[in-house]
Each structure stands twice: as structure tokens, then as C-alpha cells.
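Asks: give the three-dimensional model of this entry:
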Amino acid sequence: MTDTAQAPGVTHAAHAPHTAHGTLSPGSAEELANWLIPDWEVKPEGIDAVRTLPSFASKLRECERVCQAPYSRISHTVQDALALRRAQQLVNTVLLNPLWQSRLADAGVTGAPADWEAWQRVPLSDKDLQRDFFMGARPGMVVPLGHGGFEIVASGGTSGGLPLETVYPLSELRDTYEIAGRFMGTHQLAHYLPGNTPKWLCTTLADYQMWSSGTMVGGVLQQVPGVNYIGAGPVTAPVLEHMFGYPGPKALMGITAGIAILSELGAGMSLEARESFRVALYGSGVLSQRKRAELLAVYPNVVVLSYFAATQAETIGLQLRAGSPVLSAVPGLHLVEIVDEQGNWVAEGEEGELVVTRLHGHEAPLLRLKLGDRMIRRPRFDGPELKTQQFEFAGRTGEVLHLNDSQYSASHAYRAVCERLLLAGGPDLGELAHDVQFVNHRESRSLVLLASVDDVAGLSYQLDVALGRHIVHQVFVDALPQSLSLFNHGEANPASIEKTGYGFRIQLVARASAEIERTAIGKVPLVRDRG
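Replies: Numbering: from 1, shown residues only. Presented below is the predicted three-dimensional model:
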């Protein structure tokens, strides 16, 4: 590994700026960042040079040593300077790949960004680009797969109805798991898992749901200091009671539905075991107030917190305290941006799209990836023990139907509903509807398909009288499993759709009806989520 202060063959190297506990002027912070990632590392000359670059995690550790403080306590000025220097290194790295070079050149980017304003001109990536660059021949990798040492991560790709894969260096995952786990233990769980008795951290995520869900999040949870990790997978009431019978406080992370059902699974558990459950971490969806109240009724000491993650970023933001919905980024882990449609940062208090760039790993960077979520940018946290970025979940982007924790391609679901409706003797919505829009009422668990048609009265009579609400409901129940992608194909069937508790109906409206929500330029989003 190349030494940070001086590379081989270099006779003069800059000294690290003097600092006291992470406090530096902007100029000195930039000087420190340039010292930590010197010029001969920030612009690698080729694939062989990329393979021998020191890890970004090593730079964080060296920054901690120089600043005499944990990275999460180092000033925003220093964190920003080092993140920008790493962003410059990432751009220079991907420019070694012809596909990336062409993509960036089309956006007018031919070199590393001089500042954050220039970084915002780097084009946003989406799931289609991720699929084109990192599936099949994987032409977007800087270091080819044949060198080994990579992990393939897959998700269902429900936004477009196609499977999705990407590639991470194993060394990167080891680093990110350790960084995120240490942050969780220090800034989130330590507050809720007191005492000197054994502490337990469990997950009910299952690897069969996605190749990444159990392994990637589990990789983080295993690295939380001072806890005992249990990768339980889906549990029954006896298994949960057995686990919660271990002496000591417990935290459990799972999908939203997996957390919600814990109130039922713990109904017959001893009071001592129920009182030992301190933290419930839900990983997706929205956990209703009713479910929270049910959990608290069974587990009197539990707090419910959000663990916001995605396949492409196993720890994007953590809710640190139950009294605030804001999510905190893990300093030094990812570059998290909340952007407008042009890819520029929104102001504090404004809503935008979540964009993430992994700061670790040199061999297969993926710049400015849109994850399909909306966030509100919140003021940075700047306390003595923690300095980090904050944001608040505002909903999903894209054409995805979220029924509890399962995701369905809305376009595929609409085609399947049309086909099933015709088979049941209903109208041909594919032919008759001008505009359609799914409205997902998550709290009340009701999915409504709005369709604007010319003959509202006649077609409504056909739906309500000739078919009836029961048949229309069954149309959805039979159609939705058809909209699952390859990797998630076994995740749902008609029986499991019924168990979601959702009601389904079709509502016909006039062509110009305000019931269907439109954008400022008159487009009709296929999916709208409601609370």
C-alpha cells in the first residue's frame, strides 16, 4: 500500500496542516485533503494504478489521527474538503473507462471537478444505466471482473420490471460495514442498549428476498461494537420467544412488515422477555401509527427507528432518536445529495430526489445514482459529538407500487389488470382509458386505479353491477403477482396479496377530471402515494 505522506520516487511531500480536534480553516482543510489524497493518487494513470490505490477508509483513519478526533466529530469544513478530493479521484478513475469517458464528455465533463458546483454537472445515473454498465459484459467497470475480488449484488429492479445487478469490491464492503457498524453503535444503539449485560442485535431479513438484503445489512450489523449478532431470517413466535429469552437488551432490524408483525408474535411472551426488546429498526416502507402503538402495547420499552438503506447503499441514513423523523448520514460513508430535476442541490427545507455516490472502492465506481426516493434536505447537525448531514424521507419516486414491503412494477401491474379485467367480462381499459393513475393509500391500505374515460356512467355500471366489487378486487389479487420481476418472482401469490390487508378498486372519472393528478406540464404520473 502506498504511504499517504509520500509515494515511491517522490522526494518532497507536504506535511499535514496543524489541527486541533478537527478545526481548520477552509484553506487548511483543502490542504489537509490534498495531503491525504496526493496528486499521484487523485489521478491514477491506469488500471494497475487503480488496483494499488490505498483505500478511502485508510484516508479516514489518517484524518482521524491528524485531527485527533473520530471522523464523525471532525468539522464539516474538513469533511467537505476530503469528500470533494475523493469525488475528484472518482471522476478521474472512471475517465479511464471508455464508456464513462464518453458519458461524461456528453455532459461537458472532461476532468475532475474543481468544486462542488462543478461536481453537480456530472450527469445523474439511473437504474437503466446501472443495468447497462454493470450487467452482462459489465462494461462500466474500471477494473475488469476477471481480476477477481468482487461481490455481485442483485435486486428485483421493480422500477422498470427488469432485474438489476451491480458489482462491489469485497474490500470496499468490509470497510463500509465497519464504518457504518461503528456509527450505529456509537450514535444510535448505545443510547437505547444500556447496562453491562450482553446486548443483542438481530435481523429477520432473508437472503432469498434479494441477494443483498440479508448479507449487506447483516454485514453492517455484525460490525456494531459490543453487541452479539443473530442473523435469524423470518421467525415464528417460538423462535422469537427463544431469542428474546436471552438475558440482556435487544434490537431487531427487519422489513416494515416484519417489524409490524412482532406485536402478534410476542403476544404470549413473558413480560421479562418483552421488556428486553428496546429498538425496532424498520428498513423500508412506512410504519403506521397504529402499528407503532400495537408494538408499544406488547413491548413497553421499545422505540421504533428508521434504518434507511438500499441495495446500492446499505446504510444511507439512520434515525438516531425516536422524537425526530430526520435521518442522519454516516460521515465518510456515502456522498448523499438531494437534487432537483437538473441535478443541482436543493436548498435546506426543500424536497428533491435522493442521489447517492459510494465513496469507497476504486474498481467499479457508480457516480450520482438516483435511488428512486424523495427527500427533504434538512440543516446539518453540528453538535460536539456528531457533525453530519440530515434529510427526511418524503416518499418514493418512479412507477413502483409498494404494498407493505413488496414492490411491483406499476406498468406491468396495469397491463395485467387490463388482461384479467377482460377475461372477467369487464371493459377494455387499455382501449377505453385516456389516462390512468394508481393511487396508493398506504395508511388505509387501499389501492385505487383511476381511469379517465368518455362514458363514465355506462362503464361504471358495467364494473359495479355486471362484475361487482368482489370480482374487481380479485382481478387485482390475480394480476399483481404477474408484475414481479425475475428475482422477486416467488415473493407473492394471490394468497399473500390478500394477506396484505389491501383493498382494490377501479374508479372511472371524466377525461378532464381533477381526481387524476398531473404535473405542471400536464404529465400524468402512473403512481401517487398517499399517507
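
Asks: report pLDDT for the closest residue to His147 other than its chain neighbours.
Replies: Excluding the flanking residues, the one nearest His147 by Cβ to Cβ, 6 or more residues apart in numbering is Arg51, at 6.9 Å. Glycine gets a C-beta too; all of them are placed from N, C-alpha and C. Looking at Arg51, its pLDDT is 96.

Asks: report the central residue of the chain.
Replies: Ala310 (2.8 Å; Cα atoms, centre = their mean).

Asks: now the residue nearest to His147: phi and psi?
Replies: Here is the backbone geometry of Arg51 (degrees, to the nearest 10): phi -70, psi -20.

Asks: thinking Leu82 is in contact with Lys59, fair?
Replies: Yes - counting by Cβ atoms under 8 Å, Leu82 does reach Lys59; the two are 6.9 Å apart.

Asks: how close does the closest residue to the residue nearest to the centre of the chain other than its chain neighbours sit to Gly136?
Replies: Closest residue to Ala310 apart from its sequence neighbours, by Cβ to Cβ, 6+ apart: Leu371 at 5.0 Å. Here the criterion is Cβ to Cβ, to the nearest Å. By it, Leu371 lies 22 Å from Gly136.

Asks: neighbour count winner among the two?
Replies: Neighbour count, other Cβ atoms under 10 Å: between Leu371 and Gly136, Leu371 has more, with 23 against 9.

Asks: I'd say the more buried one and Gly317 touch.
Replies: No - with contact defined as Cβ under 8 Å, Leu371 does not count as touching Gly317 (11.2 Å).

Asks: ok, which stretches of the stretch 251-400 of the chain are helices?
Replies: Ranges of helices in the stretch 251-400 of the chain, per DSSP state H, counting those that start in this stretch, are 256-260, 262-265, 271-275, 289-298.

Asks: looking at those, which is nearest to Trp100?
Replies: Closest approach to Trp100 among these is made by helix 256-260 (35.9 Å; Cβ to Cβ).

Asks: buried stuff in the closest one?
Replies: Neighbour-count burial for helix 256-260 flags 256-260 (criterion: 16 or more other Cβ atoms under 10 Å).

Asks: include distance to Leu447 and pLDDT when you put these into CSV, please.
Replies: Below are those laid out as CSV (distance: Cβ to Cβ, whole Å; pLDDT from 0 to 100):
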residue, distance to Leu447, pLDDT
Thr256, 17, 78
Ala257, 16, 73
Gly258, 21, 84
Ile259, 22, 90
Ala260, 18, 84
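
Asks: from the residues you listed, which is closest to Arg518?
Replies: Set against Arg518, the nearest of the buried residues of helix 256-260 by Cβ to Cβ is Thr256 (29.8 Å).

Asks: Phe308 versus that closest one, what's the distance?
Replies: For Thr256, the distance to Phe308 equals 12 Å [Cβ to Cβ].

Asks: show me the contact partners of stretch 264-275.
Replies: Defining contact as Cβ atoms under 8 Å, 6 or more residues apart in numbering, one finds that stretch 264-275 is touched by 235-237, 240-241, 244-245, 277, 298-301.

Asks: repeat that with 10 Å
Replies: Stretch 264-275 is contacted from outside by 204, 235-247, 249-250, 258, 262, 276-277, 294-295, 297-302, using Cβ atoms under 10 Å, 6 or more residues apart in numbering.

Asks: ok, of these, which come out buried?
Replies: Neighbour-count burial (16+ other Cβ under 10 Å) applied to the contacts of stretch 264-275 gives 204, 235, 240-241, 243-244, 249-250, 258, 262, 276-277, 294-295, 298-299, 302.

Asks: re the thing from before, closest to Gln188 out of the helices of the stretch 251-400 of the chain?
Replies: Using Cβ to Cβ, these put helix 256-260 closest to Gln188, at 15.8 Å.

Asks: and that closest one, what does it pack onto?
Replies: Secondary structure elements in contact with helix 256-260, counted by 3 or more Cβ pairs under 10 Å, 6 or more residues apart in numbering; DSSP states H and E, are strand 250-254, strand 277-282, helix 289-298, strand 303-310.

Asks: looking at those, which has the lowest confidence?
Replies: Lowest mean pLDDT of the helices and strands packed on helix 256-260: helix 289-298, a mean of 87.

Asks: shared neighbours of Leu82 and Lys59, anything?
Replies: Residues touching both Leu82 and Lys59 (Cβ under 10 Å, 6+ apart) are 33, 36-37, 71, 332, 359.

Asks: Glu341: which of the residues you listed is nearest?
Replies: The closest of these, once distances to Glu341 are taken by Cβ to Cβ, is Leu359, at 24.7 Å.

Asks: where does the stretch 201-350 of the chain have low pLDDT?
Replies: Along the stretch 201-350 of the chain, the parts satisfying pLDDT under 70 run over 207-214, 284-286, 288, 311.

Asks: what sits against Gln188?
Replies: Residues in contact with Gln188 (Cβ under 10 Å, 6+ apart) are 224, 251, 279, 281, 305, 307, 318-321, 328.

Asks: all strands of the stretch 101-250 of the chain, in order?
Replies: 150-155, 164-169, 200-203, 228-231, 250-254 (DSSP state E, counting those that start in this stretch).

Asks: helices and strands around the third one, which ones?
Replies: Spelled out, that is strand 200-203. Applying 3+ Cβ pairs under 10 Å, 6+ apart, one finds that strand 200-203 makes contact with helix 213-221, strand 228-231, helix 237-244, strand 250-254, strand 277-282.

Asks: what does the third one contact?
Replies: In other words, helix 237-244. With Cβ under 10 Å, 6+ apart as the test, helix 237-244 has contacts from 200, 202, 204, 230, 232-233, 235-236, 250, 252, 261-262, 264-270, 272-277, 299.

Asks: so what's Gln79 closest to, chain neighbours aside?
Replies: Pro331 is the one closest to Gln79 (Cβ to Cβ, 6+ apart), at 5.9 Å.

Asks: what does Leu189 give?
Replies: Using Cβ to Cβ, 6+ apart and skipping residues adjacent in sequence, the residue nearest Leu189 is Ala251, 5.8 Å away.

Asks: show me what that neighbour is bridged to.
Replies: Taking DSSP bridges as the rule, Ala251 bridges to Leu201, Val279.

Asks: that one touches Val224, doesn't it?
Replies: Yes - the criterion here is Cβ atoms under 10 Å, and Ala251 meets it with Val224 at 8.8 Å.

Asks: now for those two: what residues contact both?
Replies: Counting by Cβ under 10 Å, 6+ apart, the residues touching both Ala251 and Val224 are 184, 188-189, 193, 199, 201.

Asks: the helix of greatest length in the chain: how far from the chain's middle?
Replies: Secondary structure of the chain per DSSP state H: the longest helix is helix 76-94. The chain centroid and the centroid of helix 76-94 are separated by 22 Å under Cα atoms, centre = their mean, to the nearest Å.

Asks: thanks a lot, catch you later.
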